[in-house]
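Colleague: Here's my sequence, what's the structure:
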Amino acid sequence: MSSIGRKRNCSREKNFDPLANKSKQICAFIDPEEYNNILFDPEAFRQYLDSAIEQRPELFPAAIRQGYKLHDVLPESKKMPGIRLRRIELHTGSVFTQWRKSHPVDVAARASHCWRSLSN
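Modeller: Numbers count the residues shown, from 1 in each chain. The predicted structure follows:
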């Protein structure tokens, strides 16, 4: 196939997606027991998420204020054992944001594990 005579189809106007280069994962500092209790309870999860959005709006994509739908719960992560992700679909389009737990105990446990690995 020859490229001679073919005209490139490009637009000078950028179709800018503000979420394109940002992480689509929101990490919540929450007690693991509380997270496991609300993960499969849509009403409790929505109540927790709504209060988190109200308290710390800078942690969330701006589009979440236009509404969201709780989508599904993914299986346990292979890279992060014990962590299950909850997917949220934003009403502005088919962008999915993943919500996961994190708390100081997880971070400290991972840091001490890494430190032991490095010191051996």
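Colleague: could you show me where the strands are in the protein, in order?
Modeller: Using DSSP state E, the strands of the chain run over residues 25-29, 68-73, 86-90, 96-102.
Colleague: Least confident of those, on average?
Modeller: With a mean of 73, strand 96-102 has the lowest mean pLDDT of these.
Colleague: Just give the number of residues close to the residue nearest to Ser77 when sequence neighbours are not counted.
Modeller: The shortest distance from Ser77 to any non-neighbouring residue, by C-beta to C-beta, 6 or more residues apart in numbering, is to Ile83 (4.9 Å). Bear in mind the C-beta positions are built from the backbone N, C-alpha and C, glycine included. Ile83 sits with 16 neighbouring residues when counted by other C-beta atoms under 10 Å.
Colleague: mind checking how far Ile83 is from Pro57?
Modeller: 24 Å (C-beta to C-beta, to the nearest Å).
Colleague: same deal with Leu90?
Modeller: Distance from Leu90 to Pro57, by C-beta to C-beta: 14 Å.
Colleague: okay, the two: which has more neighbours?
Modeller: Leu90 (20 against 11).
Colleague: what bits of the protein have low per-residue confidence?
Modeller: Along the chain, segments meeting pLDDT under 70 span 1-4, 10-23, 94-96, 102-120.
Colleague: Just the helices from it, written as ranges.
Modeller: Taking DSSP state H, the helices of the chain run over residues 32-39, 42-55, 104-119.
Colleague: Now for Tyr35, how many residues are close by?
Modeller: 20.
Colleague: my bad, Lys101
Modeller: Lys101 has 22 neighbours, counted by other C-beta under 10 Å.
Colleague: pretty sure it is touching Glu33, no?
Modeller: No. Contact criterion C-beta atoms under 8 Å: Lys101 and Glu33 do not qualify, at 10.1 Å.
Colleague: what's the spacing between Phe45 and Ile88?
Modeller: 9 Å.
Colleague: Between those two, which has more neighbouring residues?
Modeller: Ile88 (23 against 19).
Colleague: partners of that one in the sheet?
Modeller: Counting by DSSP bridges, Ile88 is bridged to Leu70, Thr97.
Colleague: ok, it - contacts?
Modeller: For Ile88, the contacting residues are Leu49, Ile64, Tyr68, Lys69, Leu70, His71, Phe96, Thr97, Gln98, Trp99, by C-beta atoms under 8 Å, 6 or more residues apart in numbering.
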